[in-house]
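Novice: Based on what follows, work out the 3D shape:
(chains A, B and C)
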Amino acid sequence: MDASRLNPRQKEAVFHGDGPLLIVAGAGTGKTRTLAFRIARLVSDGVPPDQILAVAFTNKAADELRGRVRSILRGKGSPPPISTFHSFGVRVLRQDAERLGFKRNFTIYDTSDQLSVMREVARESHVVGRDLDAKKLLWIISRAKNDGVAPDPGDGSDEYRLLAAQLYPRYAAALRAYNALDFDDLLLMTLRLFRDEERVLRAWKKRARHILVDEFQDTNHVQYDLVRLLAGRSGNLTVVGDDDQSIYGWRGAAPGNIHGFVRDWPQTKVITLDQNYRSTCTILTAANAVIENNPHRRPKNLWSDLGEGVPVTVLACRAGEDEASAVVERIVSLIAEKRCRGGDCAVMFRTNAQSRLFEDALRRAGLRYVVIGGMRFYDRKEVRDLVAYLSCLHNPRDEVSLLRILNYPPRGIGRETVHRLQAASLAGGRPLVEVMKGAASVEGVAERQAGAVTGFLARVEEMRRWFRPGSLAEATRRLVGAVGLEEALLRSVKDRDAGHRKVENVREVVSALAAFERGEPRADLGDYLAAANLSGREDESEEPAADSVVLLTVHAAKGLEFRHAFLAGFEEGLFPHERSCLAPGGLEEERRLAYVGMTRAMESLTITYTGERTRWAREVVCEPSRFLAELPEDAVRFEQASAAEGPGDAEDEARIAGEYLARIRSRL
DNA sequence: GACGGAGGTCTTTTT
DNA sequence: GACCTCCGTC
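Specialist: Numbering: from 1, shown residues only, chains lettered A, B, ... in the order given. Have a look, this model is predicted:
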């Protein structure tokens, strides 16, 4: 291990002995590096890797950390398992879920599965309210679960709060009946297990003699409690965080955990990293100027000796399309002039929907690109359908998946039949599959429909036998053929290309499964399903090529860095987003988000905004973001995107862009 | 009773 | 532009 390239403070953190350690590390100060070195140091000091528990928040961050540790160790010792909080929960629950009344082959429900359950629950509970927003109910429930409490009905003035509290027990019961856990349960149930089962906690404490948590400002209460239980009073616990980069308050993160940490472990050693090794001074000055507008902030003095660099560019554009082509134009010339590669350039935006414009522009320019996040591969309908088949085979009680595939492709089991089966299931308190087995005796189900139902079940039984460890991909290929999925897809779509693309996606699942099997030959279907449900971020088939321009949300960009960064859509209502400004502290979080985005840039940073933008098929006039007015004038160069090519009044476009430019200048 | 087509409604960020 | 719901037809 070569620690010579660490600065004194980083070294101190890496070689800190036992006991709690808090590393307060600003953006770009080498916190991942420090953490990686610390893990490697533990391993090379002889700590068995399976006694180290390293946790990151996203799979991407976990991969990154794992890669760094491996390269520091250079084959001397193997890196410890590095998981996300959620995948750690799965590992624990896979062993002991039975103690909580779940079976070990439980299914993980994602947001849309949750939505199905909630709609069902609302229907059964006769909460019919036409425009009942199930998402809102789930949102309230999720926030409560993240805080580790039951949903609070409030004083009755908030209808949704009340309803969420009323429906929550039914929702939880449904999940239990389906042998399914939602994302929040993966944490909450793990915590419950640790609290209730001394033996389980003891066993995991042995495997967590050293705990390291990245992005600690993003932990919620449940995660904090998990860590606290595992680490114990005098734990060997290292956490890294930066409260200026707390951007997950909306999903229950409690950035106060950083300060609570010092309260809970008074003997904590605190090390602050403030030298930035990523960005030019100009970029840092601009980012600091923005974040300084946040009240109640712990002042920080982030500095860099990487030189002035070029000014931050603020680029005024007429409309969303012009913004995209202007950005792409600049990327093209960066690649041409400076010989940087596409992969050195990133376009960041506030919402996933913004990516399409940039994708179009990049395609037109003939540049390769990758979209990180966005529509997840496993979110595509055709992929979900296939995964639902697999899930039913693995966990017959997974009712959401069962209902999804029961009549897909169509096999004569219509809505009425399904309703009758469900009613019988509800009345008898028996799982839907069990009721289906005796479909013929269910009231109101005709012989023909009953035959379709039992025929379907027989088919499922038969297919279940095909799935053995080592033959998962092959069995899935057979399933696709036997069920006629590809034919159904081609039939359902008018556009032939779209149909073929869907077929490709289905085959991609088979390939992904084959790849997964090669990596873990002993894995069963449940292992694959869990991995698919937790990881499904980017398209795994897509290798992050060095010449692909990176498109991603600012959230997804956290922890990453790019030589040339473009931040798009700095407009009021979009960034800061109107929906987040409603919540208390929402604007501050948006500002931290802007800060995170700006501090991704190494050499150049370009921020763009438009005068109008298409938002759900309507042209909306846009005001420049207030964050633009917070930029220090001497670090910034204002420019205006050249009038777009194509039809349109060039003079008019120039005039409009000029007006916006004048307006933003006047605000400074 | 099953199924396909048409219309209305929303889109913040993620495990 | 994607999804859910409703409605008319087979």
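
Novice: Run through chain A and note the low-pLDDT ranges.
Specialist: A:127-131, A:375, A:493-497, A:536-544, A:617, A:642-668 (pLDDT under 70).

Novice: can you list the domain ranges for it.
Specialist: Under automatic domain parsing, the residue ranges defining each domain of chain A are A:8-90+A:188-275, A:114-178, A:284-375+A:543-666, A:379-531.

Novice: can I get those in CSV with mean neighbour count and distance to DNA strand C?
Specialist: Glycine gets a C-beta too; all of them are placed from N, C-alpha and C. Rendered in CSV, the data for the domains of chain A read as follows (neighbours: other C-beta atoms under 10 Å; distance: least, C-beta to the nearest atom of the strand, whole Å):
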stretch, mean neighbour count, distance to DNA strand C
domain A:8-90+A:188-275, 19, 21
domain A:114-178, 16, 6
domain A:284-375+A:543-666, 19, 4
domain A:379-531, 17, 5
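
Novice: which parts of the stretch 101-250 of chain A sit against DNA strand B?
Specialist: Counting by C-beta under 7 Å from any atom of the strand, the residues of the stretch 101-250 of chain A lying close to DNA strand B are A:Asp110, A:Thr111, A:Asp131, A:Lys135, A:Phe183, A:Asp184, A:Ile247, A:Trp250.

Novice: By residue count, what's the longest helix in chain A?
Specialist: Looking only at chain A and at elements set by DSSP state H, the helix with the highest residue count is helix A:496-519.

Novice: next one: phi and psi at the residue of chain A found nearest DNA strand B?
Specialist: In chain A, no residue comes nearer to DNA strand B than A:Gly414, which is 2.1 Å away by C-beta to the nearest atom of the strand. Main-chain dihedrals, A:Gly414, degrees, to the nearest 10: phi -90, psi -170.

Novice: May I ask which helix or strand encompasses A:Arg330?
Specialist: Taking DSSP states H and E as the criterion, the element that holds A:Arg330 is helix A:320-338.

Novice: Following element in sequence after that helix, please.
Specialist: Helices and strands here follow DSSP H and E; after helix A:320-338, the next one along the chain is strand A:345-349.

Novice: quick one: that following strand near DNA strand B?
Specialist: No. For a cut-off given as C-beta under 7 Å from any atom of the strand, strand A:345-349 has no contacts with DNA strand B; the smallest distance is 8.5 Å.

Novice: Residues contacting that strand, please?
Specialist: Applying C-beta atoms under 8 Å, 6 or more residues apart in numbering, the contact partners of strand A:345-349 are A:327, A:331, A:334-335, A:355, A:358, A:549-554, A:557, A:560, A:562-569, A:575, A:597, A:600.

Novice: overlap between the residues you listed and the residues near DNA strand B?
Specialist: Under the cut-off given by C-beta under 7 Å from any atom of the strand, DNA strand B has A:Thr553 from the contacts of strand A:345-349 close to it.

Novice: before we move on, the earlier item: could you check how far the helix holding A:Arg330 is from the centre of its chain?
Specialist: Computed by C-alpha atoms, centre = their mean, to the nearest Å, the chain-centroid distance of helix A:320-338 equals 28 Å.

Novice: got the contact list for that helix?
Specialist: By C-beta under 8 Å, 6+ apart, the residues outside helix A:320-338 that reach it are A:315, A:317, A:340-342, A:344-345, A:347, A:354, A:357-358, A:360-362, A:364-365, A:367, A:549, A:564, A:566, A:568-569, A:604, A:606, A:608-610, A:612-614, A:641-642, A:644-645, A:653.

Novice: Tell me the residues of the stretch 551-668 of chain A that contact DNA strand B?
Specialist: By C-beta under 7 Å from any atom of the strand, the part of the stretch 551-668 of chain A that sits against DNA strand B consists of A:Thr553, A:His555, A:Ala556, A:His577, A:Arg579, A:Ser580, A:Ala583, A:Arg615, A:Trp616, A:Ala617.

Novice: same thing but at 6 Å, please
Specialist: With the criterion set to C-beta under 6 Å from any atom of the strand, the stretch 551-668 of chain A comes near DNA strand B through A:Thr553, A:His555, A:Ala556, A:His577, A:Arg579, A:Ser580, A:Trp616.

Novice: Can you tell me which of the residues of the stretch 101-250 of chain A next to DNA strand B is closest to A:Leu167?
Specialist: The closest of those to A:Leu167 turns out to be A:Lys135 (C-beta to C-beta; 13.2 Å).

Novice: Give the next helix or strand downstream of the longest strand along chain A.
Specialist: Among all segments of chain A classified by DSSP state E, the strand with the greatest residue count is strand A:601-614. Secondary structure here is assigned by DSSP H and E; on that basis, the next helix or strand after strand A:601-614 toward the C-terminus is strand A:619-621.

Novice: Direction included, what does that following strand pair against?
Specialist: Using DSSP bridges, the neighbouring strands of strand A:619-621 in the sheet come out as strand A:601-614 (antiparallel).

Novice: how would you label the nearest residue to A:Pro521 once chain neighbours are set aside: helix, strand or coil?
Specialist: In this structure, A:Pro521 finds its nearest non-sequential neighbour in A:Gly470, 6.2 Å apart by C-beta to C-beta, 6 or more residues apart in numbering. When states are read from DSSP: H, G, I helix; E, B strand; the rest coil, the local structure at A:Gly470 comes out as coil.

Novice: my read: A:Gly470 touches A:Phe516, true?
Specialist: No. Using C-beta atoms under 8 Å as the test, A:Gly470 is too far from A:Phe516 to be in contact (11.8 Å).

Novice: start to end distance for stretch A:403-412?
Specialist: Across stretch A:403-412, the straight-line distance between its terminal residues is 14 Å, by C-alpha to C-alpha, to the nearest Å.

Novice: Tell me the one of the residues of the stretch 101-250 of chain A next to DNA strand B nearest A:Ala452?
Specialist: The shortest separation between A:Ala452 and any of those is 28.9 Å, and it belongs to A:Asp110 (by C-beta to C-beta).

Novice: Distance-wise, check that closest one relative to A:Glu588.
Specialist: 29 Å (C-beta to C-beta, to the nearest Å).

Novice: which residues in the stretch 301-450 of chain A form helices?
Specialist: Using DSSP state H, counting those that start in this stretch, the helices of the stretch 301-450 of chain A run over residues A:320-338, A:355-365, A:381-394, A:399-405, A:415-428, A:432-437, A:447-464.

Novice: same check, this time on the stretch 1-150 of chain A
Specialist: So, for the stretch 1-150 of chain A - with DSSP H, counting those that start in this stretch - the helices run A:8-15, A:31-44, A:59-73, A:85-96, A:111-124, A:134-147.

Novice: From the contact counts, what lies against the third one?
Specialist: Translated: helix A:59-73. With contacts defined as 3 or more C-beta pairs under 8 Å, 6 or more residues apart in numbering; DSSP states H and E, the packing partners of helix A:59-73 are helix A:31-44, strand A:52-56, strand A:82-84.
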